[in-house]
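>>> Below: sequence and its predicted model.
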Amino acid sequence: MKQLLMGNEAIALGAVRAGVSVVTGYPGTPSSEILETVAKRCREVYAEWSVNEKSALETAAGAAMSGARVMVTMKQVGLNVASDPLMSLNYTGIVGGMVIVAADDPGPVSSQTEQDTRRFGKFAKLAVFDPSSPEEAYLMIADAFDLSEKIKRPVLFRPTTRVCHGYASVELLPPLDVKRDTRFQRNSRFVIFPKLAYESHVVIEKTLKELSTADYPRNTLEGAGTLGIATGGVSHAYVSEALGGQLNCKLLKVSAYPFPVGVAERFLEGLTDVLVIEELDPVIEEELLLLSAEKKINVNIHGKRSGEVKNAGEFAPSEIAVIVNKFLGKDTAEATAQAPSNLPIRPPVLCAGCPHRGSFLAVKEACKGINAVFCGDIGCYTLGNAKPLDMVDTCLCMGAGITMAAGIKRADESKTTFAFVGDSTFFHTGISGIINAVYNNADEIIVILDNSATAMTGGQPHPGLGLVANGSPTAKISIENIVQAIGVQHIVKANAFDLDEAVSAVKSVLDKQGVRVIIFSGECIAVSKRRGKCVIDNDKCVNCGLCVTKLGCPALTLSGKTPTLDETLCNGCGLCAYVCGKGAIACE
Amino acid sequence: MNNLSVVIAGVGGQGTVLLSRLIGNAALTSGQDVRGAETIGMAQRGGSVVSHVRIGADTHSPLTPSHKADLLLAFEPGEAVRAFHLLADNAAVVALDRAVKPSVPQPFGEYDGASALAFLKENVSRLYIIEQEKLFRQISPKAANVALFGAAVGLGLLPLSIEQAKLAVRERVPEKFLSINLNALDVGANYFAEVTP
């Protein structure tokens, strides 16, 4: 039977079909729905949201050393956090199959970097699988488990956004017969030492060499001629769409790495020109260049290095069609009418009813006339940088705001430094930054935005909520108690929706010294849903526009000079009533 | 049958994802292959979002290439124009007429959707404009996505019957919102009753 599945659902169900019994991860677009699907739909499989990617990978490593089939999910930058255990784990090896799904985000649509996990695989000396569609991902993840178990080392599986958040009708298959004797058995190779690392390195190189010459059926070669196109991942779908069912060239699809030199050599034979279509880094392109040099094959290779294919950003299928058609000597149909360019600009913004709007506004109001720097962090609250709030001066990576604020103060004493950090980010890598700050006598104000969710990625639970991934109850870990235990002297709490209370909270710590913490609480509107609605009294409104120009709320816009409230968007948070000096907005 | 590519354009939070899933599920239930893509992530917070639903066995790309979309369902005139480059020459467009104003200042002055509507009227021959004010007198504003679905089915622009559409809504929408959504489907399906497809 076929089901309409998102790529991430297909990866989850494919892994469960392949006998995965432990799944760990940390939310991150575009990977989050993989673990969510396992937690919701396959409750017999253990699934956990770990506090960060490093913890997730280490938990899974323990289970894989004990013989279980395990999967770890994260976005590409999460792999940076998990890279320390991963690099070593390849040397110690595992027993059960272990697949690390690191979802890449060309564009980027929702990320800090455009890093290419295929490149990371080469650096870490790991095999990498690169699915081109949800239906292929469903099948390929089983291959990944098989290979990992065969070579007894972790493997990477890297879908990209358009595979993760693409969807397709997928034929669901019966579970594979995968019986596991899961028992931890002592083995000297699980204790990493320099001597073991050297010995493993020798084996790893040998394995990679063998894999590069082995035939994997999803690395495919079709067609004939003197022109060839090499591609992989979702780019293969764009190339296929451009070819429109007519294959009048050779077509190489690379689905797994180490780079398959056997099929690639057969591809290069007899070609005069090769076009390489791949998003992010020129991985296939460089491998083909190396191979053609090694085998002394005289062929022109067109791609990113030759400037014919862009080397940053996401591909659109139409731009690939233009490049492919040009390469094959065909014309591309041109657009008829030109759409006007004065379309509305819509940067992502904090939702109507978002508690962060109140928190940012409170800090902004309290800091009038103060020479302050506002360090941001990763989460919905990065959107606090948008005008009119304009309250984020830095954003680097998970947890970095707290440590960077301390560093700014070391270099520029004239500044009052603030660090905004969300609740899930606090647990991820924020706590160590606060310890560092207290230990080293830093002088900064840390603003913890507790909205009771990992909001940007879809509202996943975290250690502060008393819920685990599948919704079952667990111990609730108090942010306030942690901050207290670290030794922060000044801790204040306020309701993010009560602007008076929130402003006084900020003012109460402004003239103090050392590490100070403000905890603003207010539930994420996407989790708690509508609390009421606001109404503008047109008789009292003087058209000053403050409610629009101070808040940047998507529910409030100006028609000429008159503020109008979109009741389909308003959630009744009441912040506009606070900023209105004329009492013209009522909230119920 | 031939492939049919549907593009759905709107602003994050308007319900494009549910609309694409309704079309996709209904098409799958009626025995056709489906693929597509959603905008999920940061842009969902009030940014421009586009969903693609491609029905038929001969599609490869989850994204519809330029000039290949047969149908555009738009929640807002400006977003319809933004997706215009995706439309085939003879594509049909069903769009709500009221502009969603951005909450940030605009370099081109106030955006009210008028020039976008004018562009659509000039360049789209099979254009079906839904007056939002009229529609919202009959349905919950939260169910605009399902009304668009109904309108497309009612106009015969999707290879689906109204019964198949109803089934998809029943499968996908939680019980407590079912009646307002089934009502929106009906209102949408009858909105252009006097128009000959």
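Arrived safely, thanks for sending.

>>> ok, the nearest residue to residue B:51 once chain neighbours are set aside - how many residues close by?
Nearest residue to residue B:51, sequence neighbours excluded (C-beta to C-beta, 6 or more residues apart in numbering or on different chains): residue B:20, at 3.8 Å. Where C-beta positions appear, they are placed from N, C-alpha and C, glycine not excepted. Look at residue B:20: counted by other C-beta atoms under 10 Å in any protein chain shown, it has 26 neighbours.

>>> quick check: longest helix of chain B.
Counting residues, the longest helix in chain B under DSSP state H turns out to be helix B:175-191.

>>> Tell me the buried residues in that helix?
Buried residues in helix B:175-191, defined by neighbour count with 16 or more other C-beta atoms under 10 Å in any protein chain shown: B:181-189, B:191.

>>> if we take the residues you listed, which one ends up nearest to chain A?
residue B:184 (13.3 Å; C-beta to the nearest C-beta).

>>> Look through chain B and tell me its longest strand.
strand B:87-96 (DSSP state E).

>>> what's the following helix or strand after that one?
Using DSSP states H and E, the helix or strand that follows strand B:87-96 towards the C-terminus is helix B:114-123.

>>> which ones are touching residue A:456?
With C-beta atoms under 8 Å, 6 or more residues apart in numbering or on different chains as the criterion, the residues that contact residue A:456 are A:29, A:378-380, B:41-42.

>>> what ranges do the strands span in chain B?
Under DSSP E, chain B gives strands at B:4-11, B:34-37, B:48-55, B:69-74, B:87-96, B:126-130.

>>> quick one: contacts of the longest one?
With contacts defined as C-beta under 8 Å, 6+ apart, strand B:87-96 is touched by A:336, B:7, B:67-77, B:80, B:120, B:124-130, B:132, B:135, B:144, B:148, B:151-152, B:155, B:157.

>>> now do 6 Å
B:67, B:69-75, B:80, B:124, B:126-130, B:132, B:151-152, B:157 (C-beta atoms under 6 Å, 6 or more residues apart in numbering or on different chains).

>>> for chain A, what are the nearby residues on chain B?
B:24-25, B:28, B:33-38, B:40-43, B:45-48, B:60-63, B:65-66, B:78, B:81-82, B:84, B:101-103, B:108, B:111, B:119, B:123, B:141 (C-beta under 6 Å from any C-beta of the partner chain).

>>> out of these, which are buried?
Looks like the residues of chain B next to chain A have B:24-25, B:28, B:33-38, B:40-43, B:45-48, B:60-63, B:65-66, B:78, B:81-82, B:84, B:101-103, B:111, B:119, B:123 buried, using 16+ other C-beta under 10 Å.

>>> And the pLDDT at the nearest residue to residue A:542 once chain neighbours are set aside?
Nearest residue to residue A:542 in three dimensions, chain neighbours excluded: residue A:582, at 5.6 Å (C-beta to C-beta, 6+ apart). In this model, residue A:582 is scored at 93, pLDDT.

>>> and residue A:582, how many neighbours does it have?
Residues near residue A:582, counting by other C-beta under 10 Å, number 13.

>>> where's it, which helix or strand?
Assigned by DSSP H and E, residue A:582 falls outside every helix and strand.

>>> hang on, it packs against residue A:540?
Yes: using C-beta atoms under 6 Å, residue A:582 is in contact with residue A:540, at 5.4 Å.

>>> what's around residue 44, how many residues?
Just so you know, I chose chain A. 7.

>>> Wait, chain B was what I had in mind.
Applying other C-beta under 10 Å, we find 23 residues neighbouring residue B:44.

>>> residues touching it, list them.
With C-beta under 6 Å, 6+ apart, residue B:44 has these contacts: residue B:12.

>>> let's see it at 7 Å
Taking C-beta atoms under 7 Å, 6 or more residues apart in numbering or on different chains, we find residue B:44 in contact with B:12-13.

>>> Report pLDDT for the residue sitting furthest away from the middle of chain B.
Most distant from the centre of chain B: residue B:107, at 27.6 Å, with distances by C-alpha atoms, centre = their mean. Turning to residue B:107, the model gives it a pLDDT of 83.

>>> With residue A:530 instead?
68.

>>> rewinding a little: give me the buried subset of the contacts of strand B:87-96.
B:67, B:69-75, B:80, B:124, B:127-130, B:132, B:151-152, B:157.

>>> which residues pair with the most centrally placed residue in chain B across the strands?
Most central in chain B under C-alpha atoms, centre = their mean is residue B:73, positioned 2.6 Å from the mean C-alpha point. Going by DSSP bridges, residue B:73 is paired in beta bridges with residue B:8, residue B:94.

>>> can you pull the contacts of it?
B:6, B:8, B:19, B:94, B:148, B:152.

>>> Could you point out which of those is nearest to residue A:109?
When the contacts of residue B:73 are compared for distance to residue A:109 (C-beta to C-beta), residue B:8 wins out at 17.0 Å.

>>> was I right about the closest one contacting residue B:16?
Yes: in this structure residue B:8 lies within contact range of residue B:16 using C-beta atoms under 7 Å: 4.8 Å.

>>> what is in contact with the two at once?
residue B:51.

>>> So for the two, which sits in the more crowded spot?
The neighbour count for residue B:8 versus residue B:16, taken as other C-beta under 10 Å, is higher for residue B:8 (31 against 26).

>>> ok, now how distant is that one from residue B:73?
5 Å (C-beta to C-beta, to the nearest Å).

>>> so what sits against both of these two?
residue B:19.

>>> Export only the CA atoms of the longest helix seen in chain A, formatted as CSV.
Assignment by DSSP H gives helix A:194-213 as the longest helix of chain A. In CSV, the C-alpha atoms belonging to helix A:194-213 read as follows (Å, rounded to 0.1, in the frame of the first residue of the first chain):
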residue,chain,number,x,y,z
PRO,A,194,46.9,6.0,20.4
LYS,A,195,48.0,2.5,19.5
LEU,A,196,44.4,1.4,18.8
ALA,A,197,43.8,4.6,16.8
TYR,A,198,46.7,3.9,14.5
GLU,A,199,45.6,0.3,14.0
SER,A,200,42.0,1.3,13.3
HIS,A,201,43.2,4.0,10.9
VAL,A,202,44.9,1.4,8.8
VAL,A,203,41.7,-0.7,8.7
ILE,A,204,39.5,2.3,8.0
GLU,A,205,41.7,3.3,5.0
LYS,A,206,41.5,-0.3,3.7
THR,A,207,37.7,-0.4,4.1
LEU,A,208,37.2,2.9,2.4
LYS,A,209,39.3,1.8,-0.6
GLU,A,210,37.3,-1.5,-0.9
LEU,A,211,34.0,0.5,-0.7
SER,A,212,35.1,2.9,-3.4
THR,A,213,35.7,0.0,-5.8
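
>>> Now do that helix: distance to the chain's middle.
31 Å (C-alpha atoms, centre = their mean, to the nearest Å).

>>> ok, now stretch B:28-48?
Going by C-alpha atoms, centre = their mean, where stretch B:28-48 is centred and where its chain is centred differ by 11 Å.

>>> got the end-to-end distance for stretch A:92-109?
Using C-alpha to C-alpha, to the nearest Å, the end-to-end distance of stretch A:92-109 comes to 35 Å.

>>> Same check on stretch A:537-544?
Stretch A:537-544 end-to-end distance (C-alpha to C-alpha) = 13 Å.

>>> Residue A:461 - nearest residue in space that isn't next to it in sequence?
residue A:467 is the one closest to residue A:461 (C-beta to C-beta, 6+ apart), at 4.2 Å.

>>> For burial, what's the neighbour tally of that neighbour?
16.

>>> give the contact list for it.
Applying C-beta under 7 Å, 6+ apart, the residues near residue A:467 are A:461, A:473-474.

>>> Could you identify which of those has the most neighbours?
residue A:461 (22 neighbours).

>>> And residue 190, what's its pLDDT?
Because you didn't say which chain, this covers chain A. Reported pLDDT for residue A:190: 97.

>>> switch to chain B, that's the one I care about
We note a pLDDT of 96 for residue B:190 in this prediction.
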